[in-house]
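S.K.: A predicted structure for the sequence below; I have some questions about it.
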Amino acid sequence: MSVELPDTTGVVEQSPEELADLLGELVIGRDDHLNAPGFVIKPDTVVDALSRLRDKAGFDHLSCVTAQEYEDRYESIYHLTKFADRTQEVSIVVPADKENPVSQSANEVFRTADWHEREAYDLVGIEYEGHPDLRRILLPDTWQGHPLGLDYDQDQPQVVPLREHKNPLLEDQQAPGESETMYLNIGPHHPATHGVLHVKAVLDGEQVVDLEPDIGYLHRCEEQMCQSSTYRYQIMPYPDRWDYISAGLLNEWAYARAAEDMADIEVPEYAQVIRTMGAELCRMAAHFLALGTFALDIYGDFTAIFMYSIRDREKVQNILEDLTGQRLMFNYFRLGGVVWDLPEPREDFFEMTRDFLDELPAALEEYHDMITSNEILQMRTINTGVLPKEVAKSYGATGPVARGSGIDYDLRRDDPYGYYDKLDWEVAVEDGCDNYSRLLVRMREVEQSARIVEQCIDLLEDWPEDERNIQANVPRTIKPDDDTEIYRAVEGAKGELGIYMRADGTEKPARFKIRSPCFSNLQTLPEMSNGEYVPDAIASLGSLDIVLGEVDR
Amino acid sequence: MAGLLQGEVMLPERIADILGLGGPIGELIAALIAAFIVGNIMLAMTGVAGPWAKRKITAAFTDRYAVDRIGPFGLLTIVTDSVRLLSKELIIPSGADRPSYDIAPIILPASALLGFAVIPMGSGIQLADPEAGLALVFAFASIASVSLVMGGYASNNKYSLMGGLRAVAQNIAYEIPLIVTAMSVVIFAGSLQMSTIVAEQSATLISLGGISIPAWYAFVNPFAFVLFLAANMAEIGRNPFDIPEAPTEIVGGYQTEYSSVYFVLFYLGEFLHVFLGGAIMATIFLGGPAGPVLPGFVWFVIKIWAFFLFTQWARSALPRVRIDQLIEIGWKGMLVLSFANLVLTAIIVGVIA
């Protein structure tokens, strides 16, 4: 009884030495991270190194780009891994000059580097040579300084006269001689942007010529706040605020996993089962909401589907509330386990969860009757918002977006953590690459999550009374060694949620980087929407299921 | 048979008789009073439908509660909502094309109210019965698209403009099938006059065990009825064809920039058009105000509310189609089917009669 492992035939595993040979003369040093070999290369050989790794070693997934400033240098780290085998990781460390931090852009190897490097430029201040469009991404264009740089003055006034502000309406002019297109601001206040997202759209009649998501309206300095908090207790509440659509426990796990691996903390099995159950409940709640809002985007009105999905989400929320004591900001995980045991009386909790799981198949059947088998909905979603497999990979799409494009990639199985590898479940993959596939993937994932929760409940019920250990013995303060670096990810509700941390010997991280799945997924929107009709662009945005809290952090 | 009904007294004449008004001025006053009564009946129905019935019906379909706080069944919400809507600030966007921005919200309800002038509502309520009644009612109803495109263009908002353009594209695509389908009824009835069309439907189609089924054209030609129903949904812009508004895409379309009284007028006009659509369906397919036991007017109200219920049902159940799909359905599907229906009807009627 265990999850079916991915087909890794044809995937060659390379040892760090082989990789060093492959990179050959490019390598100027080693800077190994806890979970990945790290190669230091010169700032003008980024494209060369990354293409070698992608084409010759199969590292086709640029998971994250981290930038940071040291006393003597700037550094960009490219965290590479494989869609076919997530356990293989390699970090390419690119130091840049302190006075003139310029580094080559990886954009031509991985499209996802576009936004990631813009963020690095925005927050840290590294300039990327050859980047197609190096502008600020999270902060306003008029921002002074780079907030994650070492010499950044937090008290510096940021009040900029209105005339220096970029007026979004200013661009609202047609290029001379070209009167065929219309510029349209979709958002930041729009019923279908699912938050404060601004999409700059160029339309030709009803068709989209070009789309550009403009993000950052919900930027709350989450990385910086984590950097000024202690590992042990203070960071854990923040993850709940990234993907706040019921996915709190999944986010907490991302931090917990990275920090536990960094500080070498072993989590008791009992706590792992509770974590697994809680996380899957969160995933179900998040997918229910995604389902309801996607239906809202397509149907255009609050229909029974929205009400039903909210109803089912509510049931999950009640279970989570009983488990964690909270409905939104759970703060339930602790390093080394969870904060408290299952609620007493336990039988009631199990019964409540079982009741929900028993009703679920009928509810899902109802959803399929109402949504997926509706011919108008099929007409609207099949073959719209097409995201081909290779494009999805290049953009670093993960989660249901990748799995809807036929990429068999799920960290719960491919990079096992928690209790997932001992449970019996499947990864939902659809080959349609369109809005409909992404919808189907989410609905199938709810089924699989229910399977996982059911098995967890069985395990928890029969767990020996004296082995119900919810927390490992973790020191009151955690001070990982200086210059310990780690990049770890979990499968969040929207995809690969990764955390990079660098320790500096104190009880607070020197650099805390969040790799948000929504950030990478949202980047695919122009690929999916260009050339399509406006309603399809809206549907594609809905099918990406972004949460701006996680995009902007 | 038509000749028999020609003599039926219209509402203005009856009012003139009751009040003893005579001469051209008296007739004018009687006509105004009659129009006032009919207009208010329809506005009252809209008042019930907009703030109350729509919410109640949608809530029932989507499994939730609706207005139930004020008055019995929440009925007094109608009053509070009217006050609320009318007391809101009227925001006029800078750069709005003033005269047309102001006129557009008046044209929409006005065009619908004009349409009711020729509808026989039973119990003697009909303002006029001209020879070309059916043509007239379609002409009035289609003025609506002028209002939508005016509002869309004059608002100086791109979403509004898109909504206005969508409305025009949609109305053109569906007006033709709508009218061509209605023509098949005219072939049966042999007249464009509303009273004649209603009278023709009172004949017995077949008698089943003593109960006689009337020759309503919905029973005589159900295919045309379904076709007309679908085209009518698009004509009045209800789901799944509410593309000119499409809140999740173009944020309400032509009505995006309208607030307060102007918004109320637009909202009112839309509901009036739903009811007018229902009234046309009732008149030409469902025997007008005919029905057993209850008075004619009650049956008429039941029939148009049934159509209203149907629009709300569709709203709660069907996804919106895309604009290009809608146009395709209109030009490639409905148009062909409606002409096929017209030709077939003409042949059948020609052979039988």
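M.R.: Received it, and whenever you're ready, just let me know what you need.
S.K.: Chain B contacts on the stretch 51-200 of chain A?
M.R.: Proximity of the stretch 51-200 of chain A to chain B, by Cβ under 8 Å from any Cβ of the partner chain, involves residues A:182, A:184, A:190-192. Any C-beta I mention is one placed from the backbone N, CA and C, and that applies to glycine too.
S.K.: In strands only, show me those.
M.R.: Here DSSP state E is the test, and these give A:182, A:184 as lying in strands.
S.K.: Farthest pair within the residues of the stretch 51-200 of chain A next to chain B?
M.R.: Using Cβ to Cβ, those span at most 19.9 Å, a distance reached by A:182 and A:191.
S.K.: Strands of the stretch 151-300 of chain B, start to end?
M.R.: B:204-208, B:211-214 (DSSP state E, counting those that start in this stretch).
S.K.: Give me the pLDDT value at residue A:445.
M.R.: Residue A:445 carries a pLDDT score of 91 in this model.
S.K.: Just among the residues of the stretch 51-200 of chain A next to chain B, which is most surrounded?
M.R.: residue A:192 (24 neighbours; other Cβ atoms under 10 Å in any protein chain shown).
S.K.: Near the nearest residue to that residue once chain neighbours are set aside, how many other residues are there?
M.R.: Ranked by Cβ to Cβ, 6 or more residues apart in numbering or on different chains and with sequence neighbours excluded, the top spatial neighbour of residue A:192 is residue B:248, at 4.3 Å. By other Cβ under 10 Å, 23 other residues sit near residue B:248.
S.K.: now swap in residue A:149 and tell me
M.R.: When neighbours are counted by other Cβ under 10 Å, residue A:149 comes out with 17.
S.K.: The residue nearest to residue A:192 contacts residue A:191, doesn't it?
M.R.: Yes. Counting by Cβ atoms under 8 Å, residue A:191 is a contact partner of residue B:248 at 5.2 Å.
S.K.: which regions of the chain lie under the pLDDT threshold?
M.R.: I'll assume chain A. A:1-11, A:160-179 (pLDDT under 70).
S.K.: look at chain B instead
M.R.: B:1-8, B:353.
S.K.: Show me the longest helix that occurs in it.
M.R.: Determined from DSSP state H, the single longest helix within chain B is helix B:158-189.
S.K.: again with chain A
M.R.: helix A:269-299.
S.K.: Could you pull up phi and psi at the residue of the stretch 1-150 of chain A found nearest chain B?
M.R.: Closest approach between the stretch 1-150 of chain A and chain B, counting by Cβ to the nearest Cβ: residue A:141, at 23.2 Å. The phi/psi pair for residue A:141 (degrees, to the nearest 10) reads phi -60, psi -30.
S.K.: Tell me how many other residues crowd it.
M.R.: Residue A:141, neighbours per other Cβ under 10 Å, totals 11.
S.K.: so it makes contact with residue A:135?
M.R.: Yes. Counting by Cβ under 8 Å, residue A:141 does reach residue A:135; the two are 6.8 Å apart.
S.K.: what's stretch B:155-171 in contact with?
M.R.: A:182, A:184, A:206, A:534, B:93-97, B:101, B:142, B:144-145, B:148-153, B:234-235, B:237, B:241, B:243-246, B:250-258, B:323, B:326-327, B:330 (Cβ atoms under 8 Å, 6 or more residues apart in numbering or on different chains).
S.K.: can you do 6 Å?
M.R.: The contact list for stretch B:155-171, computed with Cβ atoms under 6 Å, 6 or more residues apart in numbering or on different chains, reads A:184, B:93, B:95-96, B:145, B:148-149, B:152-153, B:243-244, B:250-251, B:253-254, B:256-257, B:323.
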